[in-house]
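Enquirer: with the sequence up front, the predicted model follows.
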Amino acid sequence: MRVLQSFGIAVLVASAFVGTYRPTPAQAQIAPVTAQVPPALRAAILSGNSNAIIAAINTLSAGNPTLAANLAAQTASFAESMIATNPQAAVSAAQAAVNIVSSGSVQNSAPAAANNVAAIAARIVVNPAVILVAPQQAAAVAVQAVQVATVPVVYQANPAASVQVATNSYTTVNNPAVMAASPTAAQQVTSTINQASSNPNLSGSNPSNASQMNSILVGQQTTTNQNPVEQPSTSQPDVFIQEPVQPDSELINNASPT
């Protein structure tokens, strides 16, 4: 009886602890992501090899574009949770995920998932920790992300998110470290945003599209011009020459000889 009573008390105590436990917000966000990722895909993501991740998604989706888009979205979410611990693996996974949703069939089958992947990827690459370890990859992902987000069917799934992708991508490629590693990325992103600003298919789902896209470019130029480099002055400073004071001759003449 005593054994049973002790066991019953232990169960009640354990139940009380379980009932009062609450995961932190970060744990609540990451736990579902890691739980949903298939083991083979999870292993590929943790390897940090973009090609292995793409191969895993293609194998698991078995030619189903909707499934491929969902797996890419899981990959991107998992990648974002890795930024603090492994930014290199995070950007590699983001690159693989964006590569998957760059397919037209995937975009048409699951535009919302494609938009979500582009949004997460753009958030990943604008992170300073990612830029520090992989500026060239960050540039490549930024270019692909904004291209995906401005495809009409993808844009229309979430115009606000697409505009934010353009903002984050533009910020990324104009980072000095990224510009040094990939000089042409800024021009590619700028061209994509310019085209998007005048695309009637995008403006049809978002009347503010043109002004929002243009403000991204104008905002960057304004930021650049706010801190102009002060040029050194070439003019010579004014030089004042003081005339020597002449002694009073009368004082000299009246002075007592020594």
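Expert: That came through, no problem.
Enquirer: what's the nearest residue to Val163 if we skip its chain neighbours?
Expert: Leaving out its chain neighbours, the residue that sits closest to Val163 by CB to CB, 6 or more residues apart in numbering is Gln212, at 4.9 Å. Quick note: C-beta positions are derived from backbone N, CA and C, even for glycine.
Enquirer: around the one you found, how many other residues sit close by?
Expert: Neighbour count for Gln212, taken as other CB atoms under 10 Å: 21.
Enquirer: mind pulling up the pLDDT for it?
Expert: For Gln212, the model assigns a pLDDT of 96.
Enquirer: please identify which helix or strand holds it.
Expert: Counting by DSSP states H and E, the element that carries Gln212 is helix 209-225.
Enquirer: what do you get for Ala113?
Expert: Judged by DSSP H and E, Ala113 forms part of helix 111-125.
Enquirer: pLDDT on that helix, on average?
Expert: Here helix 111-125 scores 98 as its mean pLDDT.
Enquirer: stretch 143-150 too?
Expert: For stretch 143-150, the mean per-residue pLDDT is 98.
Enquirer: show me where pLDDT drops low in this structure?
Expert: Scanning the chain for pLDDT under 70 picks out the ranges 1-35, 220-258.
Enquirer: now the strands: where do they sit in it?
Expert: For the chain, no strands are identified by DSSP state E.
Enquirer: circling back to that earlier point, am I right that the residue nearest to Val163 is in contact with Ser162?
Expert: No: counting by CB atoms under 8 Å, Gln212 sits too far from Ser162 to count as a contact (9.6 Å).
Enquirer: so how far is stretch 54-69 off the chain centroid?
Expert: With CA atoms, centre = their mean, to the nearest Å as the basis, stretch 54-69 stands 25 Å off its chain's centre.
Enquirer: also stretch 62-80?
Expert: Using CA atoms, centre = their mean, the offset of stretch 62-80 from its chain centre is 19 Å.
Enquirer: can you pull out the helices in the stretch 151-258 of the chain?
Expert: 152-155, 159-173, 176-181, 185-197, 200-205, 209-225, 249-254 (DSSP state H, counting those that start in this stretch).
Enquirer: pick the most deeply packed of those.
Expert: Counting by mean count of other CB atoms under 10 Å, helix 159-173 has the highest mean neighbour count of the helices of the stretch 151-258 of the chain, with a mean of 23.
Enquirer: what is it packed up against?
Expert: Contact analysis of helix 159-173 by 3 or more CB pairs under 8 Å, 6 or more residues apart in numbering; DSSP states H and E lists helix 111-125, helix 135-149, helix 185-197, helix 200-205, helix 209-225 as its packing neighbours.
Enquirer: now the ones you listed as TSV including distance to Ser50?
Expert: Listed next are those as TSV, based on distance: least, CB to CB, whole Å:
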stretch	distance to Ser50
helix 111-125	12
helix 135-149	9
helix 185-197	17
helix 200-205	29
helix 209-225	27
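Enquirer: of those helices, which is nearest Pro176?
Expert: With CB to CB as the measure, helix 135-149 is the member of the helices and strands packed on helix 159-173 nearest Pro176 (9.2 Å).
Enquirer: list the contacts of stretch 155-172.
Expert: 111-112, 114-116, 118-119, 122-123, 125-126, 131, 138-139, 142-143, 145-146, 148-150, 154, 178, 186, 189-190, 192-193, 196, 201-202, 205-206, 209, 212-213, 216-217, 220 (CB atoms under 8 Å, 6 or more residues apart in numbering).
Enquirer: again, but for stretch 173-190
Expert: Contact partners of stretch 173-190, identified using CB under 8 Å, 6+ apart, comprise 131-132, 135-136, 138-140, 142-143, 146, 166, 169-170, 172, 217, 220.
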